[in-house]
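Trainee: sequence and predicted structure are below.
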Amino acid sequence: MIATKISIAEKDMLNQVEAIFQYATEAILITNIEGNIVKVNPSTEMMFGYTSAEFFNQPIELLIPDRLKVKHEAHRKMFQECPHARSMGANLDLYGRRKDGSEFPVEVSLSPYSNSQGSFVIAFIIDTSIRKKAEAQLIAYKAELEREVEERTMILKEAIHKLEQTKDELDNSLKREREVNSMKSRFISIASHEFRTPLATVLSSLSLVEKYSNMQEEEKRIKHINRIKASVRNLTDILNDFLSLNRLEEGKVLVNIETFNLHDLIESLMQDLQGICKGGQRIVLNFSDNGHSMVSLDKTLIRNIIINLVSNAIKFSPENAPIQIQANLGENEVFITVTDQGIGIPEADQKHLFERFFRSSNAIEIQGTGLGLSIVLHYVNLLKGTIKFKSKVNEGTTFYVNLPRNF
């Protein structure tokens with residue numbers, strides 16, 4: 001009775017194993033130690049397109065793409081030397097070959113075993129086409145997602161850049177508004193101070209002129225008339241400074257190029273400027289050219305640059321001090337220097353010299369708006385030139401202007 005029960009159990013086990021072999025959805029095939037196919041299940045037939053008879057005793061390389069057969073034979077021989085259960089092609093893409101020659105991706109695991117008939121290898125084969133396709137779609141989706149993220153990031157960066165630009169524009173507008181408000185405050189302060197003195201001088205001199213009506217007092221009358229003229233000139237200079245600055249700020253000063261004789265222009269200006277010199281001051285010109293004095297520049301801007309620099313030299317120099325103008329014409333450049341022997345500029349103030357409304361600490365008591373040099377710098381920049389200076393307190397100042405000869 002016991003022997004019969006074991007026999008039935010073994011039979012049931014064999015039937016169960018055979019059922020698994022026949023009905024498994026994975027392809028299962030068995031090869032002998034030489035690598036020839038001895039048995040396949042129906043799923044193997046469906047997967048590769050061969051009949052059971054076409055498989056029998058064929059080398060396993062029947063199911064390998066031609067381009068991989070040589071490598072597979074080498075790998076199979078290595079496996080035969082040390083057979084053990086394992087998966088094939090770790091970290092590699094494996095491919096099977098159907099009867100019609102088409103290829104498809106597979107996963108393969110090997111399990112060697114032996115029985116009374118010899119040594120064999122069971123191969124379990126899974127078609128991974130659907131999974132590979134899904135993986136490819138996932139990779140494509142990931143790439144598309146990364147592309148969209150990159151595009152959105154770029155859009156975001158552009159938006160941030162535009163916001164930063166807008167912020168900068170607003171900051172500049174706010175800064176400009178503050179500067180304008182500061183200018184207004186300084187204008188009111190300077191105007192109230194600078195206008196008050198010459199106006200008071202005009203009024204008091206007019207009152208005195210009325211009293212000196214006879215011929216014997218002509219000298220006194222002329223003295224006060226000259227004071228009135230000087231005060232009116234001061235008022236005119238102040239108004240011109242403010243008007244020039246306003247036109248520069250609004251971009252209304254345009255460069256108008258014309259060809260003219262620079263020597264004649266400076267000579268003419270010297271005659272006009274000599275009239276505002278203080279007692280004993282004189283303007284000296286040293287002019288050097290290379291045969292002719294013609295230049296192509298903006299005559300008005302050159303005139304204003306020279307007038308501003310020489311007027312400052314006169315204003316900040318003592319009586320009887322010379323004002324020197326040096327003009328050198330090179331082949332492509334114009335060099336103009338204006339030198340005085342005046343009060344000079346303290347070293348601590350020099351870095352602020354071209355700023356609007358700046359007054360040197362040793363010039364507070366001398367009339368002026370603090371705009372002249374700022375305007376000169378604007379004019380020099382419009383002519384694509386440079387301006388520098390050298391100064392020492394109580395020894396004087398020299399301004400160096402370098403301009404293209406032909407703009």
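Mentor: In hand now; what should we look at?
Trainee: pull out the buried positions in the one helix or strand Asn402 maps to.
Mentor: Assessed by DSSP states H and E, Asn402 sits inside strand 396-404. Within strand 396-404, the residues scored as buried using 16 or more other C-beta atoms under 10 Å are Gly396, Thr397, Thr398, Phe399, Val401, Asn402, Leu403. (C-beta placed from N, C-alpha, C; glycine too.)
Trainee: CSV for the residues you listed, including pLDDT and distance to Glu81?
Mentor: Shown next, in CSV, are the buried residues of strand 396-404 (pLDDT from 0 to 100; distance: C-beta to C-beta, whole Å):
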residue, pLDDT, distance to Glu81
Gly396, 95, 103
Thr397, 96, 100
Thr398, 97, 98
Phe399, 97, 97
Val401, 97, 95
Asn402, 96, 90
Leu403, 96, 93
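Trainee: farthest pair within those residues?
Mentor: Gly396 and Leu403 (22.9 Å; C-beta to C-beta).
Trainee: now flag whichever of the buried residues of strand 396-404 is closest to Ala321.
Mentor: Gly396 (8.2 Å).
Trainee: quick one, what contacts the nearest residue to the closest one once chain neighbours are set aside?
Mentor: Nearest residue to Gly396, sequence neighbours excluded (C-beta to C-beta, 6 or more residues apart in numbering): Gln341, at 4.2 Å. Going by C-beta atoms under 8 Å, 6 or more residues apart in numbering, Gln341 touches Ser317, Pro318, Ala321, Pro322, Glu395, Gly396.
Trainee: recalculate using a threshold of 7 Å.
Mentor: Ser317, Ala321, Pro322, Gly396 (C-beta atoms under 7 Å, 6 or more residues apart in numbering).
Trainee: looking at the residues you listed, spot the one nearest Glu169.
Mentor: Nearest to Glu169 among the contacts of Gln341, with distances taken as C-beta to C-beta, is Gly396, at 44.2 Å.
Trainee: picking that back up, just put the contacts of Gln341 in CSV and tack on distance to Asn41 and secondary structure.
Mentor: CSV is the format used below for these (distance: C-beta to C-beta, whole Å; DSSP: H, G, I helix; E, B strand; the rest coil):
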residue, distance to Asn41, secondary structure
Ser317, 116, coil
Ala321, 119, coil
Pro322, 119, strand
Gly396, 112, strand
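Trainee: per-residue pLDDT, Asn91?
Mentor: We have a pLDDT of 69 for Asn91.
Trainee: and the helices in the stretch 51-200 of the chain?
Mentor: 52-55, 69-81, 129-211 (DSSP state H, counting those that start in this stretch).
Trainee: and what of the stretch 201-350 of the chain?
Mentor: Going by DSSP H, counting those that start in this stretch, the stretch 201-350 of the chain shows helices at 218-249, 262-274, 299-315.
Trainee: weakest of those in terms of mean pLDDT?
Mentor: helix 218-249 (a mean of 67).
Trainee: thought Gln22 was touching Asn41?
Mentor: Yes. Between Gln22 and Asn41 there is a contact under C-beta atoms under 7 Å: 5.8 Å.
Trainee: these two: who's more crowded?
Mentor: Asn41 (21 against 11; other C-beta atoms under 10 Å).
Trainee: walk me through the domains of the protein.
Mentor: When the chain is parsed with automatic domain parsing, its domains come out as 11-127, 134-244, 254-404.
Trainee: how close does the residue lying closest to Glu319 once chain neighbours are set aside get to Pro318?
Mentor: Leaving out its chain neighbours, the residue that sits closest to Glu319 by C-beta to C-beta, 6+ apart is Gly279, at 4.3 Å. Gly279 is 9 Å from Pro318, where distance means C-beta to C-beta, to the nearest Å.
Trainee: when these two are compared, which one has more neighbours?
Mentor: Pro318 (14 against 7).
Trainee: can you get me a residue count around the closest residue to the more buried one other than its chain neighbours?
Mentor: With C-beta to C-beta, 6+ apart as the criterion, Pro318 has its nearest non-adjacent residue at 7.0 Å, and that residue is Gly342. Neighbours of Gly342 under the rule other C-beta under 10 Å: 23.
Trainee: over to Phe56?
Mentor: 13.
Trainee: can you tell me the SS state at the residue nearest to it when sequence neighbours are not counted?
Mentor: Spatial nearest neighbour of Phe56, excluding adjacent residues (C-beta to C-beta, 6+ apart): Ile37 at 6.5 Å. Look at Ile37: counting by DSSP: H, G, I helix; E, B strand; the rest coil, its state is strand.
Trainee: make JSON lines from the buried residues of strand 396-404 and add distance to Lys175 to it.
Mentor: Below are the buried residues of strand 396-404 laid out as JSON lines (distance: C-beta to C-beta, whole Å):
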{"residue": "Gly396", "distance to Lys175": "36"}
{"residue": "Thr397", "distance to Lys175": "31"}
{"residue": "Thr398", "distance to Lys175": "34"}
{"residue": "Phe399", "distance to Lys175": "29"}
{"residue": "Val401", "distance to Lys175": "29"}
{"residue": "Asn402", "distance to Lys175": "31"}
{"residue": "Leu403", "distance to Lys175": "31"}
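Trainee: perfect, that will be all.
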